[in-house]
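Novice: model this:
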Amino acid sequence: MEVLVCRVYGFYPKEMDATWRKDGEVWEQDTFWGGVLPNSDGTYHAWLSIEVDPKERDRYRCYVDHDGLPEPLILAWVEP
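Specialist: Below you'll find the predicted structure:
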């Protein structure tokens, strides 16, 4: 198993929706939330992680929706 982490930085206002999706469906199993925390500049940051089988990592996306975005972000895992 491996852990995928999605980090969201610099958003305001505080309300934000972020979820892991597997094959397009919201996937809450094995998801851990770091919560929404303030930054020193008045914006916020958050993170969520999920434990996945490395063979299935391409099936997962981090979905982020916020009022400051023109449309939700759907982010795939990328090699560091």
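Novice: quick one: the strands in this structure, in order.
Specialist: Ranges of strands within the chain are 2-11, 17-22, 25-26, 31-38, 44-52, 60-65, 73-76, based on DSSP state E.
Novice: export those to JSON lines and tack on mean pLDDT?
Specialist: Below are the strands of the chain laid out as JSON lines (pLDDT from 0 to 100):
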{"stretch": "strand 2-11", "mean pLDDT": "96"}
{"stretch": "strand 17-22", "mean pLDDT": "97"}
{"stretch": "strand 25-26", "mean pLDDT": "96"}
{"stretch": "strand 31-38", "mean pLDDT": "95"}
{"stretch": "strand 44-52", "mean pLDDT": "97"}
{"stretch": "strand 60-65", "mean pLDDT": "98"}
{"stretch": "strand 73-76", "mean pLDDT": "96"}
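Novice: now those in CSV, with mean neighbour count?
Specialist: C-beta here means a position set from N, CA and C on the backbone, and glycine is covered the same way. Shown next, in CSV, are the strands of the chain (neighbours: other CB atoms under 10 Å):
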stretch, mean neighbour count
strand 2-11, 14
strand 17-22, 16
strand 25-26, 9
strand 31-38, 12
strand 44-52, 18
strand 60-65, 18
strand 73-76, 13
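Novice: how close does V5 get to P70?
Specialist: 25 Å (CB to CB, to the nearest Å).
Novice: sorry, that was for C6
Specialist: 19 Å.
Novice: same question for W77.
Specialist: 23 Å.
Novice: more neighbours, the two?
Specialist: W77 (16 against 5; other CB atoms under 10 Å).
Novice: pretty sure the more buried one sits against R57.
Specialist: Yes. The criterion here is CB atoms under 8 Å, and W77 meets it with R57 at 5.4 Å.
Novice: shared neighbours, those two?
Specialist: L4 (CB atoms under 8 Å, 6 or more residues apart in numbering).
Novice: show me what Y60 is bridged to.
Specialist: Beta-bridge partners for Y60, by DSSP bridges, are K22.
Novice: who's in contact with it?
Specialist: Contacts of Y60 by CB under 8 Å, 6+ apart are 4, 20-22, 27, 50, 52, 77.
Novice: can you redo these as a markdown table with distance to L37?
Specialist: Converted to a markdown table, the contacts of Y60 look like this (distance: CB to CB, whole Å):
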| residue | distance to L37 |
| --- | --- |
| L4 | 20 |
| W20 | 19 |
| R21 | 23 |
| K22 | 26 |
| W27 | 23 |
| I50 | 19 |
| V52 | 24 |
| W77 | 23 |
